[in-house]
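1. please find the sequence and the predicted model below.
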Amino acid sequence: MDKVFLIGNGKSRKDFDLTPLKKYGRVYGCNAIWRDELDKIDVLTAVDNGVIHEIYHNGIANKIPCWFRNWTKVPSPMYESLVQGMLGKQELEELKDYDVVTENDRGTSQEFVMHGANLAGQVKILKNAQKETPRGDREIIKKKINHSSLYVSWIKEPDYSKDIRECWSEYKDHGWACGASAGFVACKEEKPTEVYLIGHDLVSDDDKVNNLFAGTKHYVAKENGPTPHVNWVGQWYDLFAWNQNIKFFKVNKEDNELPTNQPMKEWATWADKGVISYMTQAQLLDKMSKW
């Protein structure tokens, strides 16, 4: 596929119709985009534990390819030693009751993936919370418990989930965010000549976090300030450096003075070399009409 569309969750894509993109190239989405745009994407990428397991528990990896960080599948007989071996069955069930352990139905699964908290430590926190709340109010206790969780996904067939490390034998995890990670996978898997970044705003136009899913599960509150973008910008910079044979296009909402519509000064080196260019959403649609 010579064209790839990388879809981020910045607010700039809110009213942009992703429907036509599949006609012209492979569409890679990030994180919670599956909640409302699943039919518009071909591939999904996620790197944070909570979002990864939410995706798997909702059967998305049974429908489309999903690339996850540290997604190591373990034979099911290991579950007892890794999880139940830490504590008794009753304690495990109690942790599940307080949403410390999140897992899908085991059924006849032969493998599972596990991420998250030390269960023995969580039991200690739970017991202390119960002592401090004589009436045993469940919601009060839940608020006192450490918010870190243990996530378990039982692998179901058909299974299209993969570890990001599988896309390149020499890959070393640099801890990249989801956007650049999706770009990395797409460049290796699709070997495109052109890559279009849509909704990868990087910065914010106001003093609030710039994410369509802010305030929802696994995301920060809408009232939070903008996420520092220095790491994201650096990750994309490296991706451009490693793929100078590909033409990248950052698709901004409009051509105006808002911060999200400005060229990234940190990318000037690659802009000068023609590796990264900028266009508006309207310009992309016009370009697509001529393909």
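-> Noted; the coordinates are in hand. Numbering: from 1, shown residues only.
2. so which residue is dead centre in the chain?
-> By Cα atoms, centre = their mean, the chain has its centre lying nearest to residue 46, at 2.7 Å.
3. wait, it sits on residue 52?
-> Yes - at 4.7 Å, residue 46 and residue 52 qualify as touching, with contact defined as Cβ atoms under 8 Å. In this view, the C-beta of every residue, glycine as well, is placed from N, C-alpha and C.
4. pretty sure residue 267 sits in a helix.
-> Yes - the assignment for residue 267 by DSSP: H, G, I helix; E, B strand; the rest coil puts it in a helix.
5. and for it, the neighbour number?
-> For residue 267, the count of nearby residues is 19 (other Cβ atoms under 10 Å).
6. surely it meets residue 240?
-> Yes - Residue 267 lies in contact with residue 240 (Cβ under 8 Å); the separation is 7.0 Å.
7. which neighbours do the two share?
-> Residues touching both residue 267 and residue 240 (Cβ atoms under 8 Å, 6 or more residues apart in numbering): residue 276.
8. what segments of this structure are helices?
-> 34-37, 49-57, 78-82, 89-97, 119-132, 138-144, 178-190, 230-242, 268-272, 281-288 (DSSP state H).
9. how about stretch 171-180: buried residues?
-> The neighbour-count check on stretch 171-180 (16 or more other Cβ atoms under 10 Å) flags 176, 177, 178, 179, 180 as buried.
10. can you check which residues contact both of residue 46 and residue 52?
-> Residues touching both residue 46 and residue 52 (Cβ under 8 Å, 6+ apart) are 68, 69.
11. show the pLDDT at the residue nearest to the centre of the chain.
-> pLDDT, residue 46: 98.
12. check contacts around it.
-> 30, 31, 52, 55, 66, 67, 68, 69, 178.
13. tell me how far residue 193 lies from residue 25.
-> 10 Å (Cβ to Cβ, to the nearest Å).
14. okay, the two: which has more neighbours?
-> Of the pair residue 193 and residue 25, residue 25 is the one with more neighbours under other Cβ under 10 Å, namely 21 against 12.
15. hmm, the more buried one is touching residue 18, no?
-> No - contact criterion Cβ under 8 Å: residue 25 and residue 18 do not qualify, at 11.7 Å.
16. overlap in contacts, these two.
-> Between them, residue 25 and residue 18 share the contacting residues residue 5, judged by Cβ under 8 Å, 6+ apart.
17. give me the local confidence score for residue 80.
-> On the pLDDT scale, residue 80 gets 80.
18. what number of residues are in the vicinity of it?
-> For residue 80, the neighbour count with other Cβ under 10 Å is 10.
19. what's the answer for residue 19, then?
-> Using other Cβ under 10 Å, residue 19 has 10 neighbouring residues.
20. number the residues from 50 up from this point.
-> Fine by me, first position is 50 from now on; the one you just mentioned is residue 68.
21. where's it relative to residue 86, distance?
-> Going from residue 68 to residue 86 by Cβ to Cβ gives 9 Å.
22. how about residue 214?
-> Distance, residue 214 to residue 86, by Cβ to Cβ: 26 Å.
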